[in-house]
Every structure is written in structure tokens, then in C-alpha cells.
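J.: Sequence and predicted structure, then a few things I'm wondering about:
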Amino acid sequence: MMTPQPLPRRTSTPPHTPSQPAGAATLGLSATSTRDLHQAIERGLPTTSIKTFAETLQLTVKRLLELLDLNESTYHDNRRRGGVIKNGLVNRHLIDMARATEAARSYFGDLQAAQRWLTTPSATFDGKTPLEYARYPGGTEYVTTVLARLEHGVYT
């Protein structure tokens, strides 16, 4: 009778953990975990994040505020009174749009190409730009899914 051989031991390597959660770098945030990012949203994101993001995408601050549904005078008031945006919904939209931007930048390998794609209306996104679509519930996930499909040659 043959003695069963023990199965080889499998070792697993933990998945690579990025140094910052998706969206943080694009907004100029120092968050090193998702928890840090959530706490930043609760405290209020710095108004400088809006300016940083607008510059990254070569948008005017005014255009980005329109995309965020944030009144320009409210933004400037917040900037003068401590420099934070306390509106949780606006902050979540900003994070979602930054996550979509990072995904597009990763796919295209070039910020200018990502910027063009993110700001060009498409039937895939119901005639909206991917950046606009990213603000909707589940929108960022859909934008990143479309990018993953493109990466695998599935044109949607």
C-alpha cells in the first residue's frame, strides 16, 4: 500500500497595497488608507483639492464646480473660512471623479489622453462624459469597467 504524499504547502503573497487609496493622489491628499480618506471626507476636503484636480485635468475651477454641483460663491466662502468643503456629497463626487481619472490615466498611460477621454461625451455614457458619469451612483465602477473592457479589446 502506498503512503499518500503530503500536498505541497501553498504560500500566498498578499496583494500589492497601494501607498494611497484611489483618488487621493490626484486630489493632493496625504491619505494612506481608505479609512484616512473617509475621515478626510467627514472632516471636509480642502478647497485646494478642487484646484489641484482642476489643474490636473486642465479644467477651469468654474467648470469643475459645475460638474460637482457646487455653487461658485459657496466654494469661495469655504475657501476663505478655513479652506474646507464640508458637503459630504460634493466630497464623494470629487473622490469618485478622481478615482475615475486615475483609472483612465493608468489605462492610457498618459494624462493628456486620459483627460481627452474623460472630457469627451460618449454614447457609452448616455451622451455624457466619463467624468460626468463618474459622479452618479455606481458611475465610477462603470467607468472603470469600461476601461477594463477596453484593455481586453471589448469595445463598448
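T.: Noted; the coordinates are in hand. Numbering: from 1, shown residues only.

J.: tell me, what residue is most central in this protein?
T.: Arg99 (1.2 Å; Cα atoms, centre = their mean).

J.: Could you look up the next helix or strand downstream of the helix or strand that residue falls within?
T.: Assessed by DSSP states H and E, Arg99 sits inside helix 88-108. Later in the chain than helix 88-108, the nearest helix or strand by DSSP H and E is helix 111-118.

J.: burial count for Phe108?
T.: Neighbourhood size, Phe108 [other Cβ atoms under 10 Å]: 17. Any C-beta I mention is one placed from the backbone N, CA and C, and that applies to glycine too.

J.: Find the nearest non-adjacent residue to it, please.
T.: Setting aside the residues directly before and after it, Phe108 is nearest to Ala114 in space (Cβ to Cβ, 6 or more residues apart in numbering), at 4.6 Å.

J.: Can you report how many residues neighbour the one you found?
T.: With other Cβ under 10 Å as criterion, Ala114 counts 23.

J.: Kindly report the same for the one 5 residues further on.
T.: Thr119 is surrounded by 16 other residues when neighbours are defined as other Cβ under 10 Å.

J.: Quick one: residues contacting the closest residue to it other than its chain neighbours.
T.: Distances taken as Cβ to Cβ, 6+ apart put Thr129 closest to Thr119, at 5.2 Å, once the chain neighbours are dropped. Listed by Cβ atoms under 8 Å, 6 or more residues apart in numbering, the contact set of Thr129 reads 118-122.

J.: before we move on, what about Leu45?
T.: Leu45 neighbours (Cβ under 8 Å, 6+ apart): 27, 29, 84-85, 91, 94-95.

J.: hmm, try it at 7 Å
T.: Shown in contact with Leu45 (Cβ atoms under 7 Å, 6 or more residues apart in numbering): 27, 84-85, 91, 94.

J.: out of these, who has the most neighbours?
T.: Busiest of the contacts of Leu45 [other Cβ under 10 Å] is Leu27, holding 27 neighbours.

J.: Show the contacting residues for the closest residue to it other than its chain neighbours.
T.: Take Leu27 and drop its neighbours on the chain: the residue closest to it by Cβ to Cβ, 6+ apart is Ser49, 4.0 Å away. Taking Cβ under 7 Å, 6+ apart, we find Ser49 in contact with 27-29, 94.

J.: Do a quick rundown of the helices in the chain.
T.: Along the chain, counting by DSSP state H, helices occupy 34-43, 47-56, 61-68, 72-80, 88-108, 111-118, 130-133, 139-151.
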